[in-house]
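Chemist: Let's see this in three dimensions:
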Amino acid sequence: MIARWIFLLMLLAAAPALAQQNVRVPAGNVQLAAQLFKPANAAGRIPAVAIFHGCGGPGQNTARMAGLLASWDYAALVVDSFSARGLKDICGRNWPSQADAEARAGDIDAALDWLGKQPGIDPHRLAVMGYSYGGGVAMLRALSAKPRDGAASPARAVVLVYPDCALADSLGPSLRVRQPTLFAMGALDDWTPVSQCKAVIDRIAMGQHLIETKVYEGAHHSFDALGLPVRYLDGVGNRSKPGGCCGAHYGAHEPAWKQFVADVQAFLAKTLAP
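Modeler: Sure thing, here's the model as predicted:
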């Protein structure tokens, strides 16, 4: 416990002043609520990362990552795909269908399009980061051929954090990836297991060299949920189980989170360099 707080205090002490504002992102017939984080004294046009939450909606993990990104001189847009649609937590037994996920993929195009038009942001250095269900949606988007309806160019890099890889089952046996993509997963994850993501990666016929995988030993789903002990949720939907139901472990694993932070920082420094 003490070590975790010391580590967090070190991160905060090293971070420059941040600017944060509530914004709206137009996506079809809704205005998505979002929070934009930026370094307060950023010079020139900076890269940006659009962050997409899991089935529980935006949380401390997405806000924490946005703050870290801003401390590394990136803009970070935490997109709320739920509130404008009257949703809050959809982790239960009636959790998102394949059609729901494919529809939500349009939020990614909308966020990239919005980010690319903001002053001080480099439209040619945009990335997407998705968590769990949001990671599965980002994966669908990363594996699709073109942006939708004339939207902004696809992201230059994609980070998939314990993504729902079962969503790729409908995409066919041969897949293609066009941008560097990082899969960050917990070895003990029984909600979005590593085996499902490995099966997706094995189906990528073009762009295998663009894939990076990080598997954190001893970590379950939501290994970045600092302060939350690992527990079993028996009522959550689980696409990795027969019939999509039910139950999974989730909770923090501090060593995995620390390594994940270092891995994301290195990946983005490499892929979003000028």
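Chemist: what about residue 105, distance to residue 166?
Modeler: Here the criterion is C-beta to C-beta, to the nearest Å. By it, residue 105 lies 15 Å from residue 166. In short, each C-beta sits where N, CA and C put it, glycine included.
Chemist: swap in residue 177?
Modeler: Remark: distance between residue 177 and residue 166 (C-beta to C-beta) = 18 Å.
Chemist: quick one, strands of the stretch 1-150 of the chain?
Modeler: Counting by DSSP state E, counting those that start in this stretch, the segments of the stretch 1-150 of the chain that form strands are 18-27, 30-39, 46-52, 75-80, 121-131.
Chemist: any chance of the ones you listed in CSV, with mean pLDDT and mean neighbour count too?
Modeler: Supplementary listing: those in CSV, determined by pLDDT from 0 to 100; neighbours: other C-beta atoms under 10 Å:
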stretch, mean pLDDT, mean neighbour count
strand 18-27, 91, 15
strand 30-39, 96, 20
strand 46-52, 98, 26
strand 75-80, 98, 26
strand 121-131, 97, 24
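Chemist: Make a markdown table from the ones you listed and add distance to residue 63 to it.
Modeler: Listed next are the strands of the stretch 1-150 of the chain as a markdown table, based on distance: least, C-beta to C-beta, whole Å:
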| stretch | distance to residue 63 |
| --- | --- |
| strand 18-27 | 9 |
| strand 30-39 | 7 |
| strand 46-52 | 9 |
| strand 75-80 | 6 |
| strand 121-131 | 12 |
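Chemist: What is the burial count for the residue lying closest to residue 108 once chain neighbours are set aside?
Modeler: If you skip the residues right next to it in sequence, residue 108 has residue 141 as its closest partner in space, 4.7 Å away by C-beta to C-beta, 6 or more residues apart in numbering. Each residue near residue 141 was counted by other C-beta atoms under 10 Å, and the total is 25.
Chemist: how far away is residue 141 from residue 54?
Modeler: Taking C-beta to C-beta, one finds residue 141 at 16 Å from residue 54.
Chemist: Same question for residue 266.
Modeler: Distance of residue 266 to residue 54, computed by C-beta to C-beta: 24 Å.
Chemist: neighbour count winner among those two?
Modeler: For residue 266 against residue 54, the residue with the higher neighbour count under other C-beta under 10 Å is residue 54, and the figures read 29 against 12.
Chemist: just checking, the more buried one touches residue 135?
Modeler: Yes: with the criterion set as C-beta atoms under 8 Å, residue 54 and residue 135 qualify as a contacting pair; they are 7.4 Å apart.
Chemist: Helices of the stretch 151-274 of the chain, start to end?
Modeler: Chain-ordered helices for the stretch 151-274 of the chain, with DSSP state H, counting those that start in this stretch as the definition, fall at 194-202, 254-271.
Chemist: got the angle between the longest one and strand 46-52?
Modeler: Using axes from the mean of the first three to the mean of the last three C-alpha atoms, to 10 degrees, one finds that helix 254-271 and strand 46-52 are set 140 degrees apart in direction.
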